[in-house]
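Student: this is the structure alone, sequence omitted:
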DNA sequence: TAACAAACGTTATATTATAACACCATGATA
DNA sequence: TATCATGGTGTTATAATATAACGTTTGTTA
């Protein structure tokens, strides 16, 4: 049916905060930031996060338990995510590299398992931090 | 200096359990399994886990907050990890594929960040589960 | 309008992880 | 030998992350 997804109130509030943020946000930091808007409980945050992830609007950075907005146009690719993560300043950058994505999507496990999805996290020190 | 790492008592106990396990283990499940050996507190587990990871003896599966033994000979490659994860039975398999590893180690971010390390997690349904 | 699905709000609780402090063994070194 | 740094231990307490379970409200669609 592929109908246009419209966001609920809480989903929109949570998405707004994540999109405005400069870096990845943790669930409880989102919570503290929206209490003025009448959201009081972790559940409300986690529910919105779950849906936003489903929709491909945001991604979870697994190594940090934190969330970033998707920057890849309209994210058909939430099934093929790659990030670059600075270990010094915690900056996270979504990598959209067609070659990389194709390479990994086409990767076949020797043991015959067919992959539906992958997540790749690169770590290093970003340019900015290197200067210091 | 590269001296041979010898494991402390707690580190050895924790490693043994993880190596014997058929799948990834969670920290608290390790804890419950070693209480007969006089380990009573999460700290003791987490400390051992941290060191074992440093040594490359085990890996953390970030998407599951769980730990598996390293199966790649003696893991020079704890800086370049890849796993295949079954979403049905939770089985985790370490992928050691030289090509893949080289490809990713050589991958360069457009924005000029130099990577020290990566972790890749593939998801799908394993052969066994597919049959059912 | 009735029926259903999806989102909501709330309370409680489970799970994962770290802080902080005191103690002990080892080995280097002054 | 004294002392000091290092790394491991054990313990209590607490922080941070995430889910269960319940009933209500809202929005869609038949």
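Tutor: Looks like it came in fine. Given the structure is predicted, the values throughout are model-derived calculations rather than measurements.

Student: now the strand or helix carrying residue A:29, how far from the centre of its chain.
Tutor: Using DSSP states H and E, residue A:29 sits in helix A:27-34. Its chain's C-alpha centre and that of helix A:27-34 lie 16 Å apart, by C-alpha atoms, centre = their mean, to the nearest Å.

Student: so residue A:90, which of the three states?
Tutor: Classification of residue A:90 using DSSP: H, G, I helix; E, B strand; the rest coil returns coil.

Student: report the buried residues of the helix holding residue A:29.
Tutor: Neighbour counts over helix A:27-34 (16 or more other C-beta atoms under 10 Å in any protein chain shown) mark A:27, A:30, A:31, A:33, A:34 as buried. Glycine gets a C-beta too; all of them are placed from N, C-alpha and C.

Student: what is the mean pLDDT for it?
Tutor: On average, the pLDDT along helix A:27-34 is 98.

Student: packing partners of that helix?
Tutor: helix A:9-20, helix A:42-55 (3 or more C-beta pairs under 8 Å, 6 or more residues apart in numbering or on different chains; DSSP states H and E).

Student: could you check the angle helix A:27-34 makes with the shortest one?
Tutor: What that stands for is helix A:9-20. Counting by axes from the mean of the first three to the mean of the last three C-alpha atoms, to 10 degrees, helix A:9-20 points 100 degrees away from the direction of helix A:27-34.

Student: residues of helix A:9-20 that come out buried?
Tutor: For helix A:9-20, the neighbour count (16+ other C-beta under 10 Å) marks A:10, A:11, A:13, A:14, A:15, A:17, A:18 as buried.

Student: any chance of those in TSV with pLDDT as columns?
Tutor: Below are these laid out as TSV (pLDDT from 0 to 100):
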residue	pLDDT
A:10	98
A:11	98
A:13	98
A:14	98
A:15	98
A:17	98
A:18	98
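
Student: filter these down to the ones close to DNA strand C.
Tutor: Within the set of these, contact with DNA strand C (C-beta under 7 Å from any atom of the strand) is found for A:10, A:11.

Student: specify the beta-bridge partners of the most centrally placed residue in chain A.
Tutor: In chain A, the residue lying closest to the centroid (C-alpha atoms, centre = their mean) is residue A:59, at 1.7 Å. Beta bridges link residue A:59 to residue A:68 when assigned by DSSP bridges.

Student: does it really touch residue A:68, like I thought?
Tutor: Yes. Counting by C-beta atoms under 8 Å, residue A:59 does reach residue A:68; the two are 5.7 Å apart.

Student: what is the neighbour count of residue A:120?
Tutor: Look at residue A:120: counted by other C-beta atoms under 10 Å in any protein chain shown, it has 21 neighbours.
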